[in-house]
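Chemist: My questions concern the predicted model and sequence given below.
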Amino acid sequence: MNKNCSNCGHELRGDTDVCDLCDEQLIESSSSIEIDRHQYLGAMAENLSLLRNKLELTQAELADLIGVSRQTIATAETGVREMSWSTFLSLLFLFRHNNQTNILLPVLGIFTPELSDMFNAAFFTKQ
């Protein structure tokens with residue numbers, strides 16, 4: 001019988017209660033700010049086509065801008081595969097630096113106050 005992750009429900013391999021993805025994606029900074037990366041990855045994937053179209057970019061053009069394959073963008077948009085955190089961050093950087101998409105990110109749940117606080121805490125605790 002297969003075991004499932006106690007956090008997200010993914011099928012587990014080996015003797016663990018949490019999948020590798022959740023283990024890596026539950027972040028706790030020195031200021032005790034915790035986020036669930038699955039939530040942010042899902043919000044980005046659900047809205048990726050909308051954001052890309054706002055910038056009038058094809059999947060290939062977007063992929064070239066952030067240094068991934070067109071297939072990475074396509075599988076993220078269709079939900080076939082969850083994007084990596086580094087892909088999420090690259091997309092977030094791009095969309096935050098464009099007025100047409102930046103305004104949508106908080107509304108779509110992609111750039112929340114909690115995520116901003118986590119970034120700020122990580123930056124300011126290292127200085």
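Modeler: Noted; the coordinates are in hand. Residues are numbered from 1 along each chain as shown.
Chemist: all contacts plus neighbour counts: C-alpha atoms, from now on.
Modeler: Will do.
Chemist: Can you pull the domain assignment for this protein?
Modeler: Per automatic domain parsing, the domain ranges recorded for the chain read 1-32, 36-117.
Chemist: As JSON lines, those domains with mean pLDDT and mean neighbour count would be great.
Modeler: Formatted as JSON lines, the domains of the chain follow (pLDDT from 0 to 100; neighbours: other CA atoms under 10 Å):
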{"stretch": "domain 1-32", "mean pLDDT": "56", "mean neighbour count": "13"}
{"stretch": "domain 36-117", "mean pLDDT": "96", "mean neighbour count": "16"}
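Chemist: Next, D36: phi, psi?
Modeler: Summarising the backbone geometry of D36 under the convention degrees, to the nearest 10, its torsions are phi -110, psi 110.
Chemist: Tell me how far it lies from E56.
Modeler: According to CA to CA, to the nearest Å, D36 stands 30 Å off from E56.
Chemist: then stretch 51-71 to CSV, C-alphas only?
Modeler: As requested, C-alpha coordinates have been extracted for stretch 51-71 and formatted as CSV (Å, rounded to 0.1, in the frame of the first residue of the first chain):
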residue,chain,number,x,y,z
LEU,A,51,-0.1,37.1,-17.4
ARG,A,52,1.9,36.0,-20.5
ASN,A,53,-0.9,37.3,-22.8
LYS,A,54,-0.9,40.7,-20.9
LEU,A,55,2.7,41.1,-22.1
GLU,A,56,1.8,39.8,-25.6
LEU,A,57,4.4,37.0,-25.4
THR,A,58,4.3,33.6,-26.8
GLN,A,59,5.3,30.6,-24.7
ALA,A,60,8.6,30.5,-26.5
GLU,A,61,9.3,34.2,-26.0
LEU,A,62,8.5,34.0,-22.3
ALA,A,63,10.7,30.9,-22.0
ASP,A,64,13.6,32.6,-23.6
LEU,A,65,13.2,35.6,-21.3
ILE,A,66,13.6,33.5,-18.2
GLY,A,67,15.9,30.9,-19.5
VAL,A,68,13.7,27.8,-19.6
SER,A,69,12.3,25.7,-22.4
ARG,A,70,8.9,26.4,-24.1
GLN,A,71,7.8,23.0,-22.8
